[in-house]
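Peer 1: Structural data only, the sequence is not supplied:
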């Protein structure tokens with residue numbers, strides 16, 4: 001497939017479909033074990049959701065020491081749900097100072113979770129900070145904080161609701177389809193990143209033109225394109 005970046009050569013990488021894994025809602029330890037077995041045989045892993053609860057399983061399976069989330073929400077809730085993976089990862093040993101959350105939206109989170117993020121030492125780059133910013137510089141800042149062996153969570157509800165109608169929690173004013181594609185390319189191109197997930201899509205609620213699923217597929221393709229530029 002052609003790409004605007006001359007360094008992209010998808011023939012340099014080999015893609016394989018490892019199929020479905022067990023649902024973490026039924027047996028999370030089994031899910032983690034299956035993902036770890038897949039990751040051990042491959043240079044890079046892409047996990048497709050499903051809801052955001054897979055972020056905990058995927059990041060744990062690859063033994064990530066850094067986390068970057070693209071999400072409108074903090075995901076620091078109590079309990080075990082799609083709203084708790086970041087909190088659970090930190091409680092399991094991931095340092096909050098190696099967590100960067102990009103795109104956190106106004107009016108989509110309670111003040112208590114914002115306070116929790118500060119207490120945990122998480123670096124938060126709000127949606128408002130992305131307006132007019134260099135996405136490349138935002139990404140470089142995030143990688144510097146997250147360190148090495150990074151897992152990246154692409155929660156598609158970070159995007160403007162007009163481009164992701166199949167994301168129930170998406171709101172008007174999220175990032176554009178082009179912005180998330182740029183970030184996906186940067187994630188794939190970064191040696192520090194070992195895995196990504198793409199989550200929070202309810203296919204049954206997509207528009208007739210399947211724009212949410214199409215965008216998610218393009219996010220995966222941009223990750224692959226970025227990966228092909230690695231040395």
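Peer 2: Received the coordinates, thanks. None of the values given here were measured: they were computed from a predicted structure.
Peer 1: what bridges to the residue nearest the centre of the chain?
Peer 2: Centroid-nearest residue in the chain: residue 153, 1.6 Å away (criterion: Cα atoms, centre = their mean). Using DSSP bridges, the bridge partners assigned to residue 153 are residue 69, residue 197.
Peer 1: Please tell me the pLDDT value assigned to it.
Peer 2: In this model, residue 153 is scored at 98, pLDDT.
Peer 1: show me the contacts for residue 158.
Peer 2: Counting by Cβ atoms under 8 Å, 6 or more residues apart in numbering, residue 158 touches 70-72, 102-103, 105, 127, 170, 174-175, 180. Bear in mind the C-beta positions are built from the backbone N, C-alpha and C, glycine included.
Peer 1: Report the two of the residues you listed separated the most.
Peer 2: Farthest-apart pair in these is 102 and 170; separation 15.4 Å (Cβ to Cβ).
Peer 1: Break down this structure into its strands, ranges please.
Peer 2: Using DSSP state E, the strands of the chain run over 45-48, 66-70, 99-104, 123-126, 150-155, 193-199.
Peer 1: Quick one: list the elements packing against the last one.
Peer 2: Contact analysis of strand 193-199 by 3 or more Cβ pairs under 8 Å, 6 or more residues apart in numbering; DSSP states H and E lists strand 45-48, helix 54-61, strand 150-155, helix 177-189, helix 211-228 as its packing neighbours.
Peer 1: List the neighbouring strands of the shortest one plus their orientation.
Peer 2: The strands that strand 45-48 pairs with in its sheet are strand 193-199 (parallel) (by DSSP bridges).
Peer 1: next one: the strand it pairs with to chain centre, how far?
Peer 2: Mean C-alpha position of strand 193-199 versus that of the full chain (Cα atoms, centre = their mean, to the nearest Å) differs by 5 Å.
Peer 1: cool, and stretch 69-84?
Peer 2: Its chain's C-alpha centre and that of stretch 69-84 lie 12 Å apart, by Cα atoms, centre = their mean.
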